[in-house]
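[1] no FASTA, just this:
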């Protein structure tokens, strides 16, 4: 059929007429091409090399389409086309290898409410198949605003942009979402508003002011871990398993752990059994502290037993706890204050040093070798209006034979002038 002069008409028309003259059955066909015994070649070849704005194939349908289809492709092959990288692989193929801009395939469903624009379904259980496989191995430099896959939903108010469902209960070693990379050196985050650098996973929500950015809910969890950060590599000194940087935060809470019903267990557990020269918990960079606290520990319980406990059972010849107050002038290095409390009874103690099994050594050692004025120990108590039954200093021993040097000793062997001990009782 040669229609070289055709402009707006129809070259070949097959017309089934109107519904009054007859309707096709489910097995009827207006046009059939039979090539049952053919093993190669092309059954229908459409050549529109010069086309610019028209269509090579157009299929239109009215609003009555229900269980039918505008395009139905069917094959009974069990192996499909081999995925060997050759040109044109795939049972259904679309090649636009010279295309650099524009859109290769577009599906418009502007009126869609609860249906599916694209549905890929499979009942197979093969461990090596892909229901959707997007390959862009040759892409090396995507622009910052580009991506191999991009989902845009600017007007969204409720629902999910991307939803992965696994409602079954058979998942064991599998993953609902698995992200894998072979990257070795990713540029560190920096720049204005942390806009530079990269990341294997990057969540940007710079307009969010309230709510949550990442939320994990696992209401049935018993012995599992909600979040795991794992590595077997030997980290460098500047490496960090978790890094939180809030460069302009002046208030708020960086990490908040809340377990209001917790009775036993540990809220935070830090383990470093082979640590030698490092630090498990480091709070050392502050230079502006006034009325704030580096550590604030408080309990309102009236039945606490050893709420703060430090065990250094194997320490031999070093210092267990070191507190440094290099520039202290009129302040107090360590204060144990009962505040307004007045419930201390006979036998109660604000500070107790216990060494019942020690036979030698010094239990309390105060060194002030350069002291000129002041005192190494000052006890200031017993107001003038108090009913005195107690004592400022009580020394007691149950020994039957005191030391020849004295149970209580004051040694000032180098003293040549002055008074070694003085007791003032002016009002006696």
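    Sure thing, it's come through. Remember, it's a predicted structure, so these values are computed and weren't measured experimentally. Numbers count the residues shown, from 1 in each chain.

[2] okay, now the unreliable bits of the stretch 201-350 of the chain?
    Across the stretch 201-350 of the chain, nothing is flagged by pLDDT under 70.

[3] run the last query once more with 90
    Counting by pLDDT under 90, the low-confidence segments of the stretch 201-350 of the chain come to 202-206, 224, 234-240, 245-249, 302, 304-306, 329, 338-350.

[4] and the helices in it?
    Along the stretch 201-350 of the chain, counting by DSSP state H, counting those that start in this stretch, no stretch forms helices.

[5] ok, now how distant is residue 334 from residue 321?
    According to CB to CB, to the nearest Å, residue 334 and residue 321 sit 10 Å apart. For every residue, glycine as well, the C-beta is placed using N, CA and C.

[6] then residue 178?
    As defined by CB to CB, residue 178 lies at a distance of 47 Å from residue 321.

[7] before we move on, what about residue 377?
    From residue 377 across to residue 321, the span is 20 Å (CB to CB).

[8] same check, this time on residue 121
    Distance from residue 121 to residue 321, counting by CB to CB: 67 Å.

[9] likewise for residue 404?
    If you go by CB to CB, the gap between residue 404 and residue 321 works out to 35 Å.

[10] what about stretch 103-122, start to end distance?
    According to CA to CA, to the nearest Å, stretch 103-122 extends 27 Å from its N-terminal end residue to its C-terminal end residue.

[11] nope, stretch 119-136 is what I meant
    Terminal residues of stretch 119-136 are spaced 22 Å apart (CA to CA).

[12] ok, now stretch 135-149?
    Start-to-end span of stretch 135-149 (CA to CA) is 10 Å.

[13] and if you look at stretch 215-227?
    Across stretch 215-227, the terminal residues are separated by 11 Å (CA to CA).

[14] so that it lines up with my notes, have the first residue be 41 from now on.
    Sounds good: first residue 41 from here, last item stretch 255-267.

[15] tell me which residues are up against it.
    Stretch 255-267 is contacted from outside by no residue at all, using CB atoms under 8 Å, 6 or more residues apart in numbering.

[16] show me which residues of that stretch are buried.
    For stretch 255-267, the neighbour count (16 or more other CB atoms under 10 Å) marks no residue as buried.

[17] also stretch 347-355?
    Under the neighbour-count rule, stretch 347-355 has none buried (16+ other CB under 10 Å).

[18] and stretch 104-124, by the same measure?
    Neighbour counts over stretch 104-124 (16+ other CB under 10 Å) mark no residue as buried.

[19] quick one: contacts of that stretch?
    Residues lying outside stretch 104-124 but in contact with it, judged by CB under 8 Å, 6+ apart, are 99, 101, 129, 130, 131, 132.

[20] most neighbours of all those residues, which one?
    With neighbours set by other CB atoms under 10 Å, the maximum within those is found at residue 129, which has 13 neighbours.

[21] can you pull out the strands in this structure?
    Assigned by DSSP state E, the chain shows no strands.

[22] now do stretch 144-158: distance from first to last residue.
    This stretch, stretch 144-158, spans 16 Å end to end (CA to CA).

[23] that stretch: how far from the chain's middle?
    Shown here is stretch 144-158, whose average C-alpha point lies 35 Å from the average C-alpha point of the whole chain (CA atoms, centre = their mean, to the nearest Å).

[24] neighbouring contacts of it?
    Counting by CB under 8 Å, 6+ apart, stretch 144-158 makes contact with 134, 136, all of which sit outside it.

[25] quick one: mean pLDDT for that stretch?
    Averaged across stretch 144-158, pLDDT comes to 88.

[26] so how far is residue 257 from the residue most central in space within the chain?
    Closest residue to the average C-alpha location of the chain: residue 267 at 7.1 Å, with CA atoms, centre = their mean. For residue 267, the distance to residue 257 equals 12 Å [CB to CB].

[27] do residue 157 as well
    In terms of CB to CB, residue 157 sits 29 Å off from residue 257.

[28] again with residue 374
    Residue 374 sits 45 Å away from residue 257, taking CB to CB as the criterion.

[29] likewise residue 323?
    Taking CB to CB as the measure, residue 323 and residue 257 are separated by 32 Å.
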